[in-house]
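Asker: I would like the atomic coordinates for the input below:
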Amino acid sequence: MIDTQQDLAVEDLSGCILPSQFADLNKRRPAMEGEYRLLFAVLEDAVSRYLMNMKCETEEQRRIFKETANWFRKGNDANRGLFAFESVCAFLGIDANRLRKGLALVQPREVPLRKQRRAA
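Answerer: Coordinates of the predicted model:
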């Protein structure tokens, strides 16, 4: 039985891969197709915006965070079509629910102050 929220978090993310491992998978591809690169950039930008604006210190940060969090939310009517969160994850082979859970577990104090590295 799980005793703490931290144990639950570890159990929920036990099947996830680290960003460095995901980058290694991308390096193994002979060439990233244009569609793959585009959708990967869309997801990367959304995660970056979500994390960088999580502390919501200004009105603009609150707006960006709310808009991005809404994009990740399950059952969102706007979450349909090619650039919808679930569509992007499906194309990239990422479990959308697991990524949602991981983002929900991040605390603002855990977000690094430096900018995220962009995929090449």
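
Asker: C-alpha from now on. contacts and neighbour counts both.
Answerer: Noted.

Asker: could you list the low-confidence segments of the protein?
Answerer: 1-18, 20-22, 24-32, 76-79, 109-120 (pLDDT under 70).

Asker: quick one: the helices in it?
Answerer: Ranges of helices within the chain are 5-12, 19-28, 34-52, 59-72, 85-92, 96-105, based on DSSP state H.

Asker: and those as JSON lines, adding mean neighbour count?
Answerer: Putting the helices of the chain into JSON lines (neighbours: other Cα atoms under 10 Å) gives the following:
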{"stretch": "helix 5-12", "mean neighbour count": "12"}
{"stretch": "helix 19-28", "mean neighbour count": "11"}
{"stretch": "helix 34-52", "mean neighbour count": "17"}
{"stretch": "helix 59-72", "mean neighbour count": "16"}
{"stretch": "helix 85-92", "mean neighbour count": "18"}
{"stretch": "helix 96-105", "mean neighbour count": "14"}
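
Asker: any residues touching stretch 62-70, and which ones?
Answerer: 46, 49, 50, 53, 54, 56, 76 (Cα atoms under 8 Å, 6 or more residues apart in numbering).

Asker: can you tell me which two in the residues you listed are farthest apart?
Answerer: 56 and 76 (22.0 Å; Cα to Cα).

Asker: what about those two, which has more around it?
Answerer: Taking other Cα atoms under 10 Å, residue 56 and residue 76 do not tie; residue 56 has more neighbours (15 against 12).

Asker: which residues touch that one?
Answerer: Counted by Cα under 8 Å, 6+ apart, residue 56 has contacts 62, 65.

Asker: which phi and psi does residue 106 have?
Answerer: phi -70, psi 130 (degrees, to the nearest 10).

Asker: just send the contacts of stretch 62-70 back as JSON lines, with distance to residue 108 too.
Answerer: Conversion of the contacts of stretch 62-70 to JSON lines gives the following (distance: Cα to Cα, whole Å):
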{"residue": "46", "distance to residue 108": "16"}
{"residue": "49", "distance to residue 108": "13"}
{"residue": "50", "distance to residue 108": "10"}
{"residue": "53", "distance to residue 108": "9"}
{"residue": "54", "distance to residue 108": "6"}
{"residue": "56", "distance to residue 108": "9"}
{"residue": "76", "distance to residue 108": "24"}
